[in-house]
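[1] sharing a sequence plus its predicted fold:
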Amino acid sequence: MGSIRQLAWPDFSAVNNTIRWRAENDKKAKEWVVPVPKLLIEELQGFRVKLGGAFGGLVFPSDADPCVPIRTDVLSKWLLVAEGRAELPKLNGSLWHSYRRGWATARKDLPLKDVCAAGGWSDPTTLIRCYQQPDDATLLRVMSEPRKILEVANAG
């Protein structure tokens, strides 16, 4: 949450289609750059013009001072309002972590190292223990796997 609320418009590169997560905003003081789809950058550029960030600055500035990021409780209030307007049910387990958990769970089939790098986890332990959750579709795939142990051992 701290890294998101402190994003600045220059952290988004339309040239490279990347987002830079700055070390000074990361709780582990880690900086990393993540490639993102061009469509995301184009959407962000549209929001940038609408939000008045054409000349740089923070993506989420406070009302009182454009150089100070918005408070976490204000962003949380915005999320609750947005969920209410969209008539979405309240997700289990905190406000923002539920979405991070969903993001991580939806990527269980992708290489662990890449999911960690894209999501900012330096160690897969937290990702596996706290964020990636079992889901019925994946459990069914696991239970439907036709290979027998002997077949797997012989193939290995």
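    Alright, I've got the coordinates.
[2] so who does the nearest residue to residue 119 once chain neighbours are set aside touch?
    Once flanking residues are discounted, residue 119 sits nearest to residue 104: 6.2 Å by C-beta to C-beta, 6 or more residues apart in numbering. For the C-beta atoms, the positions are set from N, CA and C on the backbone; glycine is no exception. Applying C-beta atoms under 8 Å, 6 or more residues apart in numbering, one finds that residue 104 lies in contact with 115, 119, 127, 131-132.
[3] helix, strand or coil for residue 104?
    Three-state call for residue 104 (DSSP: H, G, I helix; E, B strand; the rest coil): helix.
[4] ok, how many other residues are close to residue 125?
    Taking other C-beta atoms under 10 Å as the criterion, the count of residues near residue 125 is 10.
[5] quick one: the strands in this structure?
    12-13, 18-21, 32-35 (DSSP state E).
[6] would you list the strands that the first one pairs with, along with their directions?
    For strand 12-13, sheet partners with direction are given as strand 18-21 (antiparallel), following DSSP bridges.
[7] show me the contact partners of the partner strand.
    3, 7, 11-13, 30-36, 120.
[8] tell me the one of the residues you listed nearest residue 49?
    The closest of the contacts of strand 18-21 to residue 49 turns out to be residue 12 (C-beta to C-beta; 13.0 Å).
[9] my read: the closest one touches residue 44, true?
    Yes - under the criterion of C-beta atoms under 8 Å, residue 12 makes contact with residue 44 at 5.5 Å.
[10] that older thread, nearest to residue 26 among the contacts of residue 104?
    Nearest to residue 26, judged by C-beta to C-beta, of the contacts of residue 104 is residue 119 at 12.2 Å.
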